[in-house]
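J.: What follows is a protein structure lacking sequence information:
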């Protein structure tokens, strides 16, 4: 629930900016594994229409996860920062943490 307290990535999406940052980190961490990604990773990618599978056998639904320039990492980062600026990500996380702190402070 605490990740849903941030601004949405874009109008009409159900994914917050902080969720996307976490999703991109999880995607990167698990991208080489043969197992399927967890729904907490794939659902936001699908919500934001970020393609993450490279299908190589449509009949048997065989695929691998996209890497390189087609990776969701780059597509997701572009939604968070036009110029791929690390400072933009730091600002998003800092703003989220401050809002989280304020909410916790108000509830006590």
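T.: Received it, and whenever you're ready, just let me know what you need. Keep in mind the model is a prediction, meaning the values are calculated, not measured.

J.: The helix or strand hosting residue 54 - what's its average pLDDT?
T.: Using DSSP states H and E, residue 54 sits in strand 53-57. Regarding strand 53-57, the rounded mean pLDDT is 73.

J.: Could you list which residues are in contact with residue 72?
T.: By C-beta atoms under 8 Å, 6 or more residues apart in numbering, the contact list for residue 72 reads 24, 27, 45, 50, 51, 52, 66. (C-beta placed from N, C-alpha, C; glycine too.)

J.: Show me how to select, in ChimeraX, the buried members of these.
T.: To isolate the buried members of those in ChimeraX, using 16 or more other C-beta atoms under 10 Å:
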select :24,27,45,50,52,66
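
J.: for residue 10, helix, strand, or coil?
T.: Secondary structure, DSSP: H, G, I helix; E, B strand; the rest coil: residue 10 is coil.

J.: Now for the nearest residue to it once chain neighbours are set aside: which residues touch it?
T.: Excluding its sequence neighbours, the residue lying closest to residue 10 (C-beta to C-beta, 6 or more residues apart in numbering) is residue 79, at 6.7 Å. Contacts of residue 79 were listed using C-beta under 8 Å, 6+ apart, and they are 9, 10, 20, 48, 50.

J.: What of residue 4?
T.: 16, 19.

J.: Quick check: the spatially most central residue of the chain vs residue 86, distance?
T.: With distances taken as C-alpha atoms, centre = their mean, the residue of the chain nearest its centroid is residue 20 (2.4 Å). Per C-beta to C-beta, to the nearest Å, residue 20 is found 15 Å from residue 86.

J.: could you list every residue that touches residue 57?
T.: residue 63.

J.: partner residues bridging it?
T.: Note on residue 57: beta-bridge partners residue 62, judged by DSSP bridges.

J.: Can you pull out the low-pLDDT segments for the chain?
T.: Counting by pLDDT under 70, the ranges of the chain that qualify are 1, 34, 55, 58, 61, 105-108.
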